[in-house]
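J.: Everything below, folded, please.
(chains A and B)
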Amino acid sequence: MWQARIYVTLKKGVLDPQGRAIENALKVMSYGEVRDVRVGKFMVLTIDAPDRETAAARVEEMCRRLLANPVIEQYQFDLAPQGEAAAAGSRAGTGVWNFPEGDA
Amino acid sequence: MSWAVVVFPGTNCEIDCRHVIADVLDLPVDYVWHKERSLSGYDAVVLPGGFSYGDYLRTGAIARFSPIMGAVEEFAASGRPVLGICNGFQILLEAGLLPGAMRRNEGLKFQCHDVFLRVENAGTAFTNRCAPGQVLRVPIKHGEGNYYADQATLEELEGEGRVVFRYAEPDGTVSAAANPNGSLGNIAGIVNREGNVLGMMPHPEIAAERLLGMEDGRLIFGSVVESWVKGGVAVGR
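T.: Take a look at the predicted model:
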């Protein structure tokens, strides 16, 4: 079993109305250092696949066909054996979330 | 002329569409459940508004994979008219039958009020009863009608006269103030290259009777009928 953590965000250059509203709210709350906010989706899939390559290929296809709209969105995902992903999740719970960088 | 109104789980404007076709236009119409796989015997198809699959993931994203959509694609490819209203427009975008995508409304508010639409192309199967530049009063009710397409697609749409409706002032002036959702180019409705698939965010089906205070929406349904009578969109029949 594999756990895929998928992040979908609007592409750079596509106006993100929700992100803009949150950015404005943060500024009103005197967090003036905030320069940009992008709102996206986070999905966790548990997948039955024989190996990492198969799981990755299937997730890639799911992202392309359904989970993201390539006209306006980009996606990233990471894959871990289910037990390790649970451990990573508990570490994330301690405060630092390692969000992937760059364009998909 | 026989119409199909496709119903997805979460669709909520199918009764209004059926009412206009059956009771206002006096034409045969059936609801077609999204699990069906055929649209044979119909001359026009409506994908009505609503919240298919609860708008989960993205508007129209899940409905686009319903079994009926294979038949809708074939129907569109045959040249017969497909009218997507609001959520129906969003489904057509997700299905790739029309280009572009919808984002949340720029102001984040669900918009529910009348708008004025300038008819940019009165030569389509959906607007032949309108005059060029005519201003229609039709309501909107949507939270994700902020049309987006990349620059090349926008130029193609504009260059080929495929922007059919634009949000405008009552006098037809296209202005930022008249744009309820932030759509690029004030775009409210577009057609495919062949001209037989229209997607529009406003709801002509609830503005098609004088009794309800607005009847400009009838022009759009009526235009489809007129095209059918003239054989203009009945390719291969």
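
J.: Which residues of chain A lie near chain B?
T.: A:10, A:14-18, A:21, A:41, A:66-67, A:69, A:71-72 (CB under 8 Å from any CB of the partner chain). Glycine gets a C-beta too; all of them are placed from N, C-alpha and C.

J.: From these, pick the one nearest B:Leu47.
T.: Closest approach between the residues of chain A next to chain B and B:Leu47, by CB to CB: A:Asn69, at 17.6 Å.

J.: wait, isn't that closest one in contact with B:Ala101?
T.: Yes - judged on CB atoms under 8 Å, A:Asn69 makes contact with B:Ala101 at a distance of 5.3 Å.

J.: joint contacts of these two?
T.: Common contacts of A:Asn69 and B:Ala101 (CB atoms under 8 Å, 6 or more residues apart in numbering or on different chains): B:Glu94.

J.: would you put the C-alpha positions of stretch B:127-141 in CSV?
T.: What follows is stretch B:127-141, C-alpha atoms only, in CSV (Å, rounded to 0.1, in the frame of the first residue of the first chain):
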residue,chain,number,x,y,z
THR,B,127,-28.8,33.8,-31.3
ASN,B,128,-30.3,34.0,-34.8
ARG,B,129,-33.5,35.6,-33.4
CYS,B,130,-31.4,38.4,-31.8
ALA,B,131,-30.2,41.5,-33.5
PRO,B,132,-26.5,42.1,-33.5
GLY,B,133,-25.6,44.2,-30.4
GLN,B,134,-29.0,43.6,-28.9
VAL,B,135,-29.0,43.7,-25.1
LEU,B,136,-30.7,40.9,-23.2
ARG,B,137,-31.8,40.9,-19.6
VAL,B,138,-31.2,37.5,-18.0
PRO,B,139,-30.4,36.5,-14.4
ILE,B,140,-27.2,34.9,-13.1
LYS,B,141,-26.8,32.7,-10.0
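
J.: for chain A, what spans make up the helices?
T.: A:17-28, A:52-62, A:82-92 (DSSP state H).

J.: Pipe those into a markdown table and attach mean neighbour count and mean pLDDT per row.
T.: Below are these laid out as a markdown table (neighbours: other CB atoms under 10 Å in any protein chain shown; pLDDT from 0 to 100):
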| stretch | mean neighbour count | mean pLDDT |
| --- | --- | --- |
| helix A:17-28 | 15 | 92 |
| helix A:52-62 | 15 | 96 |
| helix A:82-92 | 12 | 58 |
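
J.: Nearest to B:Lys141 among those helices would be which one?
T.: helix A:17-28 (17.8 Å).

J.: For the closest one, which outside residues touch it?
T.: Helix A:17-28 is contacted from outside by A:10, A:34, A:36-39, B:103-108, B:146, B:182, using CB under 8 Å, 6+ apart.

J.: if I look at whichever residue of chain B sits closest to chain A, how far off is B:Ala208?
T.: Closest approach of chain B to chain A (CB to the nearest CB) occurs at B:Ala101, with a separation of 3.9 Å. Here B:Ala101 is placed at a distance of 28 Å from B:Ala208 (CB to CB, to the nearest Å).

J.: who has more neighbours, the two?
T.: B:Ala208 (27 against 24; other CB atoms under 10 Å in any protein chain shown).

J.: Need phi/psi at that one.
T.: phi -120, psi 10 (degrees, to the nearest 10).

J.: check contacts around the nearest residue to A:Thr46 once chain neighbours are set aside.
T.: Of all residues not flanking A:Thr46 in the chain, A:Gln3 sits nearest, at 5.6 Å (CB to CB, 6 or more residues apart in numbering or on different chains). In this structure, A:Gln3 makes contact with A:Val44, A:Leu45, A:Thr46, A:Ile47, A:Leu79, A:Ala80, A:Pro81, A:Gln82, A:Ala85, A:Ala86, judged by CB under 8 Å, 6+ apart.
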